[in-house]
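Asker: Sequence and predicted structure below; questions after.
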Amino acid sequence: MAYSHKIDNDKCKGCALCVTVCPKNVLEIAEQVNAKGYFPAYQARPEDCIHCTACCIMCPDLAITIKKTADEAAD
Ligand code: SF4
Ligand code: SF4
């Protein structure tokens, strides 16, 4: 099953809770500020993401979205 994982850069306040909770060490804090002046989280190693939703649940600002993608029609 395919999923997409998205961090809304401008909702993020750079608290790094998601970075801490990720069991696969996918996330890191960026070196450039977002529109609010925070250093946001980003997916440094997206290929390692297992879409466990831990980061999504943890984020106090609802900045992370995980969705099923509709690309399985070929089966
Ligand atoms: S969904 Fe899970 S594995 Fe993927 S970035 Fe979030 S916490 Fe890490
Ligand atoms: S938990 Fe949410 S607000 Fe905090 S760094 Fe991660 S995405 Fe940004």
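Answerer: That came in fine, so what should we check first? Note that the coordinates shown come from a computational prediction; the quantities given were computed from them, not determined experimentally. Numbering: from 1, shown residues only. Ligands and ions are numbered 1, 2, ... in the order given.

Asker: Can you name the residues of this protein that neighbour ligand 1?
Answerer: 5, 21-22, 24, 26-27, 49-55, 66 (C-beta under 6 Å from any ligand atom). Just so you know, the C-beta spots here come from the backbone N, C-alpha and C atoms, and that holds for glycine as well.

Asker: who wins for neighbours among the residues you listed?
Answerer: The member of the residues of the chain next to ligand 1 surrounded by the most neighbours (other C-beta atoms under 10 Å) is residue 55, with 26 neighbours in all.

Asker: For it, which three-state class applies?
Answerer: When classified by DSSP: H, G, I helix; E, B strand; the rest coil, residue 55 comes out as helix.

Asker: how near is it to residue 69?
Answerer: Residue 55 sits at a distance of 18 Å from residue 69 (criterion: C-beta to C-beta, to the nearest Å).

Asker: same question, residue 1
Answerer: For residue 1, the distance to residue 69 under the criterion C-beta to C-beta works out to 9 Å.

Asker: go on, residue 60?
Answerer: Using C-beta to C-beta, we find residue 60 at a distance of 26 Å from residue 69.

Asker: Give me the pLDDT for residue 74.
Answerer: What the model reports for residue 74 is a pLDDT of 47.

Asker: where exactly do the strands run in the chain?
Answerer: Secondary structure of the chain by DSSP state E: the strands cover 3-7, 27-29, 41-43, 64-68.

Asker: Identify whichever of those lies nearest to residue 17.
Answerer: With respect to residue 17, and counting by C-beta to C-beta, the nearest of the strands of the chain is strand 41-43 at 8.8 Å.

Asker: rewinding a little: so can I have TSV of the strands of the chain showing mean pLDDT and distance to residue 14?
Answerer: Compiled in TSV, the strands of the chain are given as follows (pLDDT from 0 to 100; distance: least, C-beta to C-beta, whole Å):
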stretch	mean pLDDT	distance to residue 14
strand 3-7	96	11
strand 27-29	98	6
strand 41-43	98	7
strand 64-68	96	13
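
Asker: Mind jotting down where the helices sit in the chain?
Answerer: In the chain, helices defined by DSSP state H lie at 17-21, 54-58, listed in chain order.
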